[in-house]
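Chemist: Give me the fold of what follows.
(2 chains)
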Amino acid sequence: MSEAGLALPNARGTDQDTAPVFAEEARILGLPKSRWPGILAPIVVGVIMLVAWEGLVRYKNIPAYLFPGPLVIIETLLSDWATLSVALWITLRITFAALIAAVLLGGALAILFTQSKWMERSLFPYAVILQVTPVVAIAPLIIILVGDVNLSLLICAWIVAFFPILSNTILGLNSADHNLVALFQLYGASRWQTLRYLRLPASLPYFLGGLKISGGLALIGAVVAEFVAGSGGSASGLAYRILESSYQLKIPRMFAALLLISLSGIAIFLATSWLSHRLLYRWHESALKRDT
Amino acid sequence: MTMAQNLGSATGRAARRPLVSVRQISKKFSNGTLALRDVDLDLFPGEFVSLLGPSGCGKSTLLRLISDLSTPSAGTIEWPGAESADAYGRPEHSLGFVFQEPTLLPWAPTLDNVTLPLRLKKMNRTEANQRAAAMLDLVGLKGFEKSYPRELSGGMKMRVSIARALVTEPKVLLMDEPFAALDEITRHKLNDDLLMLWQRNRFTAVFVTHSVFESVFLSERIVVMAARPGRVMSELMVDAPFPRDNLFRTSPEYAHLCRLGSDALKKAIDA
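Modeler: Model (predicted):
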């Protein structure tokens, strides 16, 4: 193919000049300059709120067992770290196991449903039923039926987490460009080739959108299920510690456990956002920033 | 330089065997629209044919039928010139298709986009990459192998699309208004380069357009189509010699041929 019989001397030229230019920004501490306001603004608001909170508690002399200030909460967090870290680990373990199960089963079901209309028709309504039934309502039933607490917590968290991944991935698998589908057909691509080279990559942004939602939901599902199980006195995650502390009126510890749950949720959100950015930044509209 | 009307068989092509033979094709869509009625068309090896007509005349539909992306309601499409046939009775590896949009995989770099047809045919990666790189070089995109479609201009994306269509060295290249969305300067450059690629590889080119100027510049033969229902109205021969360049584009002959083309198109629109 490379013999220079008829080269294209003027092929490279004007149409290159109109290629879009993407901003290459100055960086501070490794992050683009424009990212910093988005990081600093909420931090400033947070600091102001915490200082006001601490000030109010001290000024009004509110006792810690009624409403602790942020410093007391941090102190409790450090002094009770031994108990709380174990509880954190248990909750996180269930959350991640549920999320992984949601990704695997949600993704696999989505592929199955898009490959076979029959499967989708007969099974999708049940996925919807699982989704719309409040997990608090079925958690006690699951705990009784399953017996093993950890497994029942996992199932509850999974029920909450898997639907966004399922429905988003189905949408993604079905939204491959029609002309590209025609092109694959033209070249006689097999179902598997079309799935692997076209439908799966096309569904990636949708899947990642679902993952972001499911990450938070898996944590919520785990915590809610722990509350249900914890009222029976047979769990030891963060939610159980919150219940336990409320019985013992250890209010600062309740706040400390709450803080850990919030931080976990934020960490999961940041991790899924980061993953999404890593996978999409070269090509997807949502991750590109145009120089204007 | 002459332009003959309806002289398809008088130019000696009749002696050759057509590569693709479209016979009495009709296409009715499920909503009742008659997109094509009784269309006959022969495509001869190595020729450059344009399908010219107003929107709704079924020229894109005809391309989709030839490429087997759509099935005719009546009539047949045969490949008498085929040496080896696949399950559908068409020669294997023989078609390239360029859509109106570049239709690239947005998540894949340029090189991977061009190797796609080869990878689908299970060619090994090293050879596929070599052929794709050579093809990219040929369309003037050497050095852009690792760029993503988003980083390319409209004209460059179309070049990638053409490279992808030609990488399998097809016998027939079907193009569905590929340059309609581009600005005039870019379109002229791509027309020039397309002609050079065609002269180099001598595939049979079928080019759908609604621009008289583009069809006269590119083709040896223009098939003028009319709408409602889509049908072939007339056929014009463009006997100007190749290579054609800017000199041809500004020549009185070109202007004269364009006027003939416009008249034929006007007749088709009024019909």
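Chemist: can you list contacts of the helix or strand in which B:Leu36 is found?
Modeler: Following DSSP states H and E, one finds B:Leu36 within strand B:34-43. For strand B:34-43, the external contacting residues (C-beta atoms under 8 Å, 6 or more residues apart in numbering or on different chains) are B:8, B:13, B:18-29, B:49, B:58, B:61-62, B:65-66, B:72, B:75, B:172, B:204, B:206, B:223, B:228-232. Where you see a C-beta, it was placed from the backbone N, CA and C, and this is true even at glycine.
Chemist: ok, 7 Å please
Modeler: Under the contact criterion C-beta atoms under 7 Å, 6 or more residues apart in numbering or on different chains, strand B:34-43 has outside partners B:18-29, B:49, B:58, B:61-62, B:172, B:204, B:206, B:223, B:229-232.
Chemist: now do stretch B:123-137
Modeler: Applying C-beta under 7 Å, 6+ apart, the contact partners of stretch B:123-137 are A:1-2, B:110-111, B:114-115, B:118-119, B:142, B:144-145, B:163, B:166-167.
Chemist: correct me, but B:Lys154 touches B:Asp183?
Modeler: Let me fix one detail, which is that residue B:154 is Gly and not Lys. No - contact criterion C-beta atoms under 7 Å: B:Gly154 and B:Asp183 do not qualify, at 8.0 Å.
Chemist: CA atoms only for stretch B:249-260, dumped as CSV, please.
Modeler: The C-alpha trace of stretch B:249-260 is given here as CSV (Å, rounded to 0.1, in the frame of the first residue of the first chain):
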residue,chain,number,x,y,z
ARG,B,249,-13.0,23.6,-11.8
THR,B,250,-12.6,27.1,-13.3
SER,B,251,-12.8,26.1,-17.0
PRO,B,252,-15.6,27.0,-19.4
GLU,B,253,-16.2,23.3,-20.1
TYR,B,254,-16.9,22.7,-16.4
ALA,B,255,-19.3,25.6,-16.4
HIS,B,256,-21.0,24.3,-19.5
LEU,B,257,-21.3,20.7,-18.0
CYS,B,258,-22.7,22.2,-14.8
ARG,B,259,-25.3,24.0,-16.8
LEU,B,260,-26.3,20.7,-18.5
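Chemist: one step back: which members of the contacts of strand B:34-43 occur in helices, if any?
Modeler: Among the contacts of strand B:34-43, the ones falling in helices (DSSP state H) are B:Thr61, B:Leu62.
Chemist: where exactly do the helices run in chain A?
Modeler: Per DSSP H, chain A carries helices over the ranges A:14-17, A:36-59, A:70-79, A:81-115, A:117-132, A:135-146, A:149-174, A:178-186, A:191-194, A:200-230, A:238-247, A:251-280.
Chemist: out of the ones you listed, nearest to chain B?
Modeler: Nearest of the helices of chain A to chain B, taken as C-beta to the nearest C-beta: helix A:14-17 at 2.9 Å.
Chemist: how about B:Arg119, what does it touch?
Modeler: Counted by C-beta under 7 Å, 6+ apart, B:Arg119 has contacts B:Ala128.
Chemist: redo that, cut-off 8 Å
Modeler: Applying C-beta under 8 Å, 6+ apart to B:Arg119 gives the contacts A:Tyr197, B:Arg125, B:Ala128.
Chemist: for the second one, phi and psi?
Modeler: Phi and psi for B:Arg125, reported as degrees, to the nearest 10, are phi -60, psi -40.
Chemist: Count the residues that sit near it.
Modeler: Other residues near B:Arg125 come to 10 when the count uses other C-beta atoms under 10 Å in any protein chain shown.
Chemist: Confirm B:Gly96 sits in a strand?
Modeler: Yes - the assignment for B:Gly96 is a strand, going by DSSP: H, G, I helix; E, B strand; the rest coil.
Chemist: What sits closest to it if chain neighbours are left out?
Modeler: Excluding the flanking residues, the one nearest B:Gly96 by C-beta to C-beta, 6 or more residues apart in numbering or on different chains is B:Ala165, at 3.3 Å.
Chemist: Let me know whether the one you found touches B:Val98 as I believe.
Modeler: Yes - here B:Ala165 reaches B:Val98: they are 5.0 Å apart, a contact under C-beta atoms under 8 Å.
Chemist: Pull out the buried residues from the contacts of strand B:34-43.
Modeler: Among those, those classed as buried by 16 or more other C-beta atoms under 10 Å in any protein chain shown are B:18-22, B:25-27, B:49, B:58, B:61-62, B:172, B:204, B:206, B:223, B:229-232.
Chemist: Tell me the confidence at the residue of chain B found nearest chain A?
Modeler: Residue nearest to chain A within chain B: B:Gly140 (2.4 Å; C-beta to the nearest C-beta). The confidence metric pLDDT takes the value 91 at B:Gly140.
Chemist: same check, this time on B:Asn6
Modeler: On the pLDDT scale, B:Asn6 is placed at 41.
Chemist: where do the contact lists of B:Ala165 and B:Val98 overlap?
Modeler: Listed as contacting both B:Ala165 and B:Val98 by C-beta under 8 Å, 6+ apart are B:Leu173.
Chemist: for residue 107, what are its contacts?
Modeler: Because you didn't say which chain, this covers chain A. Neighbouring residues of A:Gly107 by C-beta under 8 Å, 6+ apart: A:Ile165, A:Thr169, A:Phe207.
Chemist: oops, chain B please
Modeler: Residues near B:Trp107 by C-beta under 8 Å, 6+ apart: A:Pro201, A:Ala202, A:Leu204, A:Arg282, A:Trp283, A:His284, B:Tyr148.
Chemist: Which of those residues sits closest to A:Ser175?
Modeler: A:Ser175 lies nearest to A:Ala202 out of the contacts of B:Trp107, by C-beta to C-beta, at 6.3 Å.
Chemist: Pull the number of nearby residues for that closest one.
Modeler: 20.
Chemist: pretty sure it contacts A:Val181?
Modeler: No - between A:Ala202 and A:Val181 there is no contact, the gap being 9.6 Å when judged by C-beta under 8 Å.
Chemist: Which of the contacts of B:Trp107 sits closest to B:Glu253?
Modeler: For these, the closest approach to B:Glu253 (C-beta to C-beta) belongs to B:Tyr148, at 42.9 Å.
Chemist: ok, the closest one touching A:Trp283?
Modeler: Yes - between B:Tyr148 and A:Trp283 there is a contact at 5.2 Å, judged by C-beta under 8 Å.
Chemist: Around the residue nearest to B:Glu220 when sequence neighbours are not counted, how many other residues sit close by?
Modeler: Nearest residue to B:Glu220 in three dimensions, chain neighbours excluded: B:Phe48, at 5.0 Å (C-beta to C-beta, 6+ apart). For B:Phe48, the count of nearby residues is 23 (other C-beta under 10 Å).
Chemist: cool, and B:Ser70?
Modeler: Neighbourhood size, B:Ser70 [other C-beta under 10 Å]: 17.
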